[in-house]
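Peer 1: below is the sequence, then the predicted model.
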Amino acid sequence: MKILSLFHCLILGWMLGPVPGAFAADPRPLRALLVCGGCCHDYPIQKDLLKRGIEARARIVVETVQQGGTSKESRIHLYENPEWAKGYDVVIHDECFGAVADTNWIARILAPHQKGLPGVNLHCAVHSYRAAPGDLWQEYLGLRSMKHGKATPIQIRTVDDRHPIIRGLGWREWLTGNEELYNNVQVFPTATVLQRGAQGDDDCAVTWVNRYGSTRVFSTSLGHFNETVGDDRYLDLVTRGILWACDRLDAGHLKTIAPVPPLRSTSPVTPAKKP
Ligand SMILES: [Zn+2]
């Protein structure tokens, strides 16, 4: 029998067409900007826990910016540039600037999100900019919170089992270590609550998604202490939230998780204060 020539192979390949997935290149990693800094939290450690935990779980490259010292009033250098989010696929807000009340400044932060840039908001990002009049930041979040209780364990439970972020998550309930439960003054109609947390007599939404115009926004109010931020359950949740916000929650972007060596804090965790 005659051996097939290269020409025949090419013709055969053209007739059969592409085999699904056989030659699919790895998707381009998403570029995420993690913004942290300000009051009350161990950001030098937490920003590395997040970067390493997220990059181990998904095809996401996380670039971190920590600015603003430890003040809750800082207007950070990053946002002075109107093009501050240029080139990123998603921004992870993890800053703690609760006393910044300038609506023009907040509008500057929101501008790229209004144009469609996915947003992710962790813990004190939910309390940032809450001193401002109106609901500019809260309409983006999908929720207004104004305070939190004492740092004691939170019993988290799932309330939306069918949402893609939750569906592939490896847990449904979690009794955290000491953590801050953010209250709910208002949940906006654009928001969908995924998880609630109970702490004593209080019971609040702790994880939710929001439609900000056509922009996807994921938020969790959890993440005060390093022990929470470094927990696999937290990092799994946040990673899935990031991918969902980017509309890239798929097998091509999720990795098989490699173990990440633990990071240890070099300084004692700042006691919980009103951020
Ligand atoms: Zn906190």
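Peer 2: Received it, and whenever you're ready, just let me know what you need. Numbering: from 1, shown residues only.
Peer 1: what about residue 240, how many neighbours?
Peer 2: 22 (other C-beta atoms under 10 Å). The way it works is simple: take the backbone N, C-alpha and C, and place the C-beta from them, glycine included.
Peer 1: now it: which helix or strand?
Peer 2: Using DSSP states H and E, the element containing residue 240 is helix 232-245.
Peer 1: what's that helix in contact with?
Peer 2: For helix 232-245, the external contacting residues (C-beta atoms under 8 Å, 6 or more residues apart in numbering) are 30, 32, 49-50, 53-54, 56-58, 60, 90, 92, 118-120, 122, 164-165, 168-171, 174, 207, 209, 216-220, 222-223, 228-229, 249-250, 253-254, 257.
Peer 1: restrict it to CA atoms and write it as PDB.
Peer 2: Extracted in PDB, the C-alpha atoms of helix 232-245 (Å, rounded to 0.1, in the frame of the first residue of the first chain):
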ATOM      1  CA  ASP A 232      -8.500  27.700  50.500                       C
ATOM      2  CA  ARG A 233     -12.300  28.200  50.700                       C
ATOM      3  CA  TYR A 234     -11.900  31.900  50.500                       C
ATOM      4  CA  LEU A 235      -9.400  31.800  47.600                       C
ATOM      5  CA  ASP A 236     -11.600  29.300  45.700                       C
ATOM      6  CA  LEU A 237     -14.600  31.600  46.100                       C
ATOM      7  CA  VAL A 238     -12.700  34.800  45.100                       C
ATOM      8  CA  THR A 239     -11.100  33.200  42.100                       C
ATOM      9  CA  ARG A 240     -14.400  31.900  40.800                       C
ATOM     10  CA  GLY A 241     -15.900  35.400  41.400                       C
ATOM     11  CA  ILE A 242     -13.100  37.000  39.400                       C
ATOM     12  CA  LEU A 243     -13.600  34.600  36.500                       C
ATOM     13  CA  TRP A 244     -17.400  35.000  36.600                       C
ATOM     14  CA  ALA A 245     -17.000  38.800  36.500                       C
END
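Peer 1: pick out the residue nearest the middle of the protein.
Peer 2: Closest to where the C-alpha atoms of the chain average out (C-alpha atoms, centre = their mean) is residue 120, at 3.8 Å.
Peer 1: show the pLDDT at that one.
Peer 2: Here the pLDDT value assigned to residue 120 is 99.
Peer 1: how far does the strand or helix carrying it sit from its chain's centre?
Peer 2: Residue 120 is located in strand 119-122, with elements delineated by DSSP H and E. Strand 119-122 has its C-alpha centroid displaced from the chain centroid by 4 Å (C-alpha atoms, centre = their mean, to the nearest Å).
Peer 1: strands paired with that strand, and their directions?
Peer 2: Strand 119-122 has the following strand partners under DSSP bridges: strand 90-96 (parallel), strand 215-220 (parallel).
Peer 1: and those, which is most packed in?
Peer 2: Comparing those by mean neighbour count (mean count of other C-beta atoms under 10 Å), strand 90-96 ranks first with a mean of 27.
Peer 1: what about the residue nearest to residue 120 when sequence neighbours are not counted, distance to residue 246?
Peer 2: Leaving aside its sequence neighbours, residue 120 sits nearest to residue 92 (C-beta to C-beta, 6 or more residues apart in numbering; 4.4 Å). Remark: distance between residue 92 and residue 246 (C-beta to C-beta, to the nearest Å) = 11 Å.
Peer 1: and if you look at residue 196?
Peer 2: Taking C-beta to C-beta, one finds residue 196 at 25 Å from residue 246.
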